[in-house]
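Chemist: Sharing a model prediction with you, sequence too.
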Amino acid sequence: MDENVKEIPALYLIPSTMSDAPVDTVIPAGNIEIIRSLKYFVVENVRTVRRFLKRCDRSIDIDSLTFVTLDEHTDQKDIPAMLEPMAQGHSIGVISEAGCPAIADPGADLVAVAQSKGYKVVSLVGPSSILLSLMGSGFNGQSFAFNGYLPYETKSRTAKLREMERRIRNERQTQIFIETPYRNNKLIAELVKQMPGNMKLCVASDITGPNQIILTLSLSAWGKRKYDYDKIPTIFLLFD
């Protein structure tokens, strides 16, 4: 490369690990090369990212890096300033607490600002619990919706379940959602009780990890099965 040609800074969206699996089994070597080149990071959780970077390459000098936190508590007006290093010619890495940044993640707000300013945005390959669980479910992969966390309040939660059931029946759309890990078992029992027994539930647990299980059964079969997903990162999918 001509030394007089200035490289265009980029906003790199860097997937992180979702389990204790070896980094090289889920993160491409090319990603790690990019990580090594970066000095500025916008992250959801600094502590988690520091551990992730050390797992990628123990020689990385973590203390020489600059981290800015972007999480659910960040004020929207503070986000544009996070891109200031790009205005000075530096690339930035965006890393979520787990999986792909900007997917069900506050990083999307930063990407929106970068796009509006005409900055180069680069999405890197890496693990996504949403896509990996859908791939293994046997459900419709052409039409699906990620609903995030279901409402906690009983009336709203029931209404959401009815809405998902309608979309499954009428639109043939796979419904994907998550729950706080310590409530996983309770959620399965709730689905068994409230949803039609012939509807299928896929439970995808410890995705990419050594104890990964992706299991699809009818809800009536789940009602007869012994299971324990307590405190294990898990994603749920419903289809007919």
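Modeler: That came through fine.

Chemist: in the protein, which segments are predicted with low confidence?
Modeler: Along the chain, the parts satisfying pLDDT under 70 run over 1-6.

Chemist: ranges for the helices of it?
Modeler: 29-37, 46-56, 84-87, 107-116, 129-137, 154-171, 184-194, 219-224 (DSSP state H).

Chemist: Kindly reformat those as CSV containing mean neighbour count and distance to residue 70.
Modeler: For the C-beta atoms, the positions are set from N, CA and C on the backbone; glycine is no exception. Output for the helices of the chain, formatted as CSV (neighbours: other CB atoms under 10 Å; distance: least, CB to CB, whole Å):
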stretch, mean neighbour count, distance to residue 70
helix 29-37, 14, 18
helix 46-56, 18, 11
helix 84-87, 15, 14
helix 107-116, 17, 6
helix 129-137, 20, 20
helix 154-171, 14, 27
helix 184-194, 17, 27
helix 219-224, 15, 37
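
Chemist: which one of those helices lies closest to residue 208?
Modeler: Ranking the helices of the chain by proximity to residue 208 (CB to CB) places helix 129-137 first, at 7.1 Å.

Chemist: contacts for that closest one?
Modeler: Residues outside helix 129-137 that contact it (CB atoms under 8 Å, 6 or more residues apart in numbering): 18, 98-99, 103-104, 141, 144, 146, 174, 176, 202, 204, 207-208, 214, 216, 233, 235, 237, 239.

Chemist: Could you measure from residue 32 over to residue 16?
Modeler: Counting by CB to CB, to the nearest Å, the gap from residue 32 to residue 16 is 12 Å.

Chemist: ok so, going back, go through the helices of the chain and name the closest to residue 74.
Modeler: Here helix 107-116 is closest among the helices of the chain (CB to CB), at 7.9 Å.

Chemist: Distance to residue 67 for the helices of the chain - can I get that in TSV?
Modeler: Converted to TSV, the helices of the chain look like this (distance: least, CB to CB, whole Å):
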stretch	distance to residue 67
helix 29-37	13
helix 46-56	5
helix 84-87	12
helix 107-116	14
helix 129-137	24
helix 154-171	35
helix 184-194	31
helix 219-224	42
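
Chemist: wait, which of those helices is closest to residue 8?
Modeler: Of all those, helix 84-87 sits nearest to residue 8, with 9.5 Å by CB to CB.

Chemist: got the contact list for that closest one?
Modeler: Residues contacting helix 84-87 (CB under 8 Å, 6+ apart): 9, 11, 39, 40, 66, 91, 92, 114, 119.

Chemist: What is the burial count for the third one?
Modeler: Read that as residue 39. Residues lying near residue 39 (other CB atoms under 10 Å) number 13.

Chemist: show me the contacts for it.
Modeler: For residue 39, the contact set (CB under 8 Å, 6+ apart) comprises 64, 65, 66, 85, 90.

Chemist: ok, it to residue 65 distance?
Modeler: Residue 39 is 6 Å from residue 65, where distance means CB to CB.

Chemist: What of the last one?
Modeler: Residue 119 sits at a distance of 20 Å from residue 65 (criterion: CB to CB).

Chemist: circling back: now list the buried members of the contacts of helix 84-87.
Modeler: Among the contacts of helix 84-87, those classed as buried by 16 or more other CB atoms under 10 Å are 9, 11, 40, 91, 92, 114, 119.

Chemist: Now distance to residue 195 too, for the residues you listed, in TSV please.
Modeler: Shown next, in TSV, are the buried ones among the contacts of helix 84-87 (distance: CB to CB, whole Å):
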residue	distance to residue 195
9	48
11	41
40	46
91	46
92	43
114	40
119	44
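
Chemist: What is the nearest of those to residue 76?
Modeler: The closest of these to residue 76 turns out to be residue 114 (CB to CB; 14.4 Å).

Chemist: Right, I'll leave it there.
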